[in-house]
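S.K.: Below are the sequence and a predicted model; questions follow.
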Amino acid sequence: MSTWAVVVAAGRGERAGLGENKVFYCLGGVSVLSRALRALRESALFDGCVLVLAAHDRAAYEALCAREGRCPLVREIAEGGETRQASVLNGLRALPEDCEIVAIHDAARPFVTADILSRSIELARQTGSGVACAPVVDTIKEVEADGRVKTLDRERLRAAQTPQTFRRAEIVRAAEEAEQNGWSATDDADLYERCWGRVTLFTAPESPGNIKLTTREDFMREESAFRVGMGFDAHRLVEERKLVLCGVNVPCERGLDGHSDADVAVHALMDAILGALGLGDIGRHFPDSDNAYRGISSMLLLARVMRMVEERGWRVANADVTIVAQRPKLAPYIEEMRRNIAEALGVAVDCANIKATTTERMGYEGRGEGISAQAVVLLAKGSV
Ligand code: CTP
Ligand code: MG
């Protein structure tokens, strides 16, 4: 007789609004789904796992396995359904005959501990069910349609989580019966109770940490507080072009060649920011094959990059840019560049540093063939 897990990962993650199914989102370099599967595997309590995936997420899952390794616990993949309940039922139907105990777990709860899993399984063996719960911290009010409010006794309330573990035969019967009768429920314990009359709940000391990543704020809270990015760019110096650096028109007989205004310093800075956001580089966002960007001021593009920073809940903590040019002499323009950049990044002037250096006539910058720039930026969470 074996113990299995059914991990449901076939939602859309709409409330998280991350542009993809939230279980594929990487927290600290590892996806939520891999973290959840790893927690189950490392508990050493399971003989196998059925992973429930939406058909349209199969390619994303394969990419995840290629990147993070295939979890050996996953022995079956079942197709997701329209609702979580339908996904669970598909997962239950894919269990092997010799499975006696099954833990149903949300892939969106990656912080589950071995202790919670083991208590859940133990209770299911003894009583038929073991449902992880957390104590309720807020005072919960029940609001009637006519506006009357009833305050519930917090001591008697529990927030149901997963794992919800059951004797397989019993939960399968409960889930099949619900399907036949058209009952719906947001958790498995509810279906079990309707069929078998009683469920066993438990809370563990770590229960408050076993959160379901649901909203964008949940993800932001779990992300590290800082992100760093670096950028580099170089442009050729040619006749009949203006020289624009950090949005300043620098008097010079030659200017930088490029599709936009070729502001090499701002390009390096944008690449540093996009790098910190994990969003690739400026070529991806503002392709030079697109005429919309011909001759455009790079400061306008920087404003768009800053919108991406804000939309994702980050802000710039500080930035440091080095411009490498043999000539012209840039010192007289540095303060104006600095003010421009500080304003665009929304930081104090002392958080936007601009430096210029020569290469003592070595290399392409030294020979005056071109100018390069490097940038480093630190992003902080909006709330830090
Ligand atoms: N889930 C599922 N199949 C569905 C809906 C949900 O397998 N049709 C899974 C989710 O992938 C998640 C778990 O059930 O791991 C808990 O659901 P929820 O937190 O509601 O996730 P989503 O449905 O993805 O999110 P949202 O409701 O915000 O769209
Ligand atoms: Mg949902």
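M.R.: Received, thanks. Remember, predicted model here, so these are calculated numbers, not experimental data. Ligands and ions are numbered 1, 2, ... in the order given.

S.K.: what's around residue 8, how many residues?
M.R.: Per other C-beta atoms under 10 Å, the neighbour tally for residue 8 reads 27. For every residue, glycine as well, the C-beta is placed using N, CA and C.

S.K.: Please report phi then psi for it.
M.R.: Main-chain torsions, residue 8, degrees, to the nearest 10: phi -90, psi 120.

S.K.: Confirm that residue 273 sits in a helix.
M.R.: Yes: the assignment for residue 273 (DSSP: H, G, I helix; E, B strand; the rest coil) places it in a helix.

S.K.: From residue 363, how far off is it?
M.R.: From residue 273 across to residue 363, the span is 26 Å (C-beta to C-beta, to the nearest Å).

S.K.: More neighbours: which of these two?
M.R.: residue 273 (25 against 13).

S.K.: which ones are touching that one?
M.R.: 229, 231, 305, 306, 308, 309, 316, 377, 379 (C-beta atoms under 8 Å, 6 or more residues apart in numbering).

S.K.: contacts with ligand 1 among the residues you listed, please.
M.R.: For ligand 1, no contacts are drawn from these by C-beta under 6 Å from any ligand atom.

S.K.: Take these and keep only those in helices.
M.R.: With DSSP state H as the criterion, helices contain 305, 306, 308, 309 from among the contacts of residue 273.

S.K.: List only buried entries from these.
M.R.: Among the ones in helices among the contacts of residue 273, those classed as buried by 16 or more other C-beta atoms under 10 Å are 305, 306, 309.

S.K.: I'd say residue 132 and residue 115 touch.
M.R.: No: with contact defined as C-beta atoms under 8 Å, residue 132 does not count as touching residue 115 (10.4 Å).

S.K.: Mutual contacts of these two, please.
M.R.: Contacts common to residue 132 and residue 115, judged by C-beta under 8 Å, 6+ apart, are residue 204.

S.K.: Which one's more surrounded, these two?
M.R.: More crowded of residue 132 and residue 115, by other C-beta under 10 Å: residue 132, with 30 against 12.

S.K.: Assign the closest residue to the more buried one other than its chain neighbours to helix, strand or coil.
M.R.: For residue 132, ignoring the flanking residues on the chain, the nearest one in space by C-beta to C-beta, 6 or more residues apart in numbering is residue 161 at 4.4 Å. The local conformation at residue 161, judged by three-state DSSP, is strand.

S.K.: what number of residues lie near residue 161?
M.R.: Under the neighbour criterion other C-beta under 10 Å, residue 161 is assigned a count of 25.

S.K.: just checking, it touches residue 212?
M.R.: Yes: taking contacts as C-beta under 8 Å, residue 161 lies within contact range of residue 212: 7.0 Å.

S.K.: Now the common contact residues for those two.
M.R.: Taking C-beta under 8 Å, 6+ apart as the criterion, residue 161 and residue 212 both touch residue 109.

S.K.: any idea where the helices of the stretch 1-150 of the chain begin and end?
M.R.: Taking DSSP state H, counting those that start in this stretch as the test, the helices found in the stretch 1-150 of the chain are 32-43, 58-68, 84-93, 114-127.

S.K.: Could you tell me which residues of this structure lie near ligand 1?
M.R.: Residues of the chain lying near ligand 1 (C-beta under 6 Å from any ligand atom): 8-16, 22-23, 52, 80-84, 87, 106-108, 212, 214.

S.K.: 5 Å instead, please
M.R.: Proximity of the chain to ligand 1 (C-beta under 5 Å from any ligand atom) is limited to residues 8-15, 80, 84, 87, 106-108.
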